[in-house]
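> sequence and predicted structure, then a few things I'm wondering about:
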Amino acid sequence: MADRRHATEFLNRLPQDDPFRLLEEITFWLKALRDAYGMVPRRALEVIDLFDVTAYPHRSKLAEYFLALGGRYETIRRTARGIPPPSSLMSSVQPTDS
């Protein structure tokens with residue numbers, strides 16, 4: 001992620017339809033950025049800001065799933081990935097598409 005263009009290209013290649021996977025990828029790269037030797041602080045902050053802007057709508061979607069399904073983590077993971085959760089775990093409230 002030498003410059004903003006490369007970082008933007010990388011973020012555009014992330015799976016926009018899978019919020020869990022996208023956030024896992026961003027988390028991995030944030031940890032790599034933290035451990036990077038010789039990274040200019042200003043550049044690091046630019047990349048962190050770009051990651052944050054990209055992650056925000058996906059964090060919101062996961063929060064919506066979490067609240068709508070009663071906070072059951074595994075049920076939320078399954079629902080977000082398109083796998084129907086077991087009926088015994090389903091809440092009467094379903095997530096809404098926004």
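Arrived safely, thanks for sending.
> contacts, neighbours, all on C-alpha from now
OK.
> helices and strands around the longest helix seen in the chain, which ones?
Across the chain, the helix with the greatest residue count (assigned by DSSP state H) is helix 41-68. The elements that helix 41-68 packs onto, with contact taken as 3 or more C-alpha pairs under 8 Å, 6 or more residues apart in numbering; DSSP states H and E, are helix 4-12, helix 19-35, helix 73-80.
> if you set the cut-off to 7 Å instead, what comes out?
Using 3 or more C-alpha pairs under 7 Å, 6 or more residues apart in numbering; DSSP states H and E, the elements in contact with helix 41-68 are helix 19-35.
> low pLDDT regions in the chain?
1-2, 70-98 (pLDDT under 70).
> let's see that with 90 instead.
Low-confidence segments of the chain (pLDDT under 90): 1-23, 29-30, 32-48, 51, 54-55, 57-98.
> phi first, then psi, for D18.
Phi and psi for D18, reported as degrees, to the nearest 10, are phi -130, psi 90.
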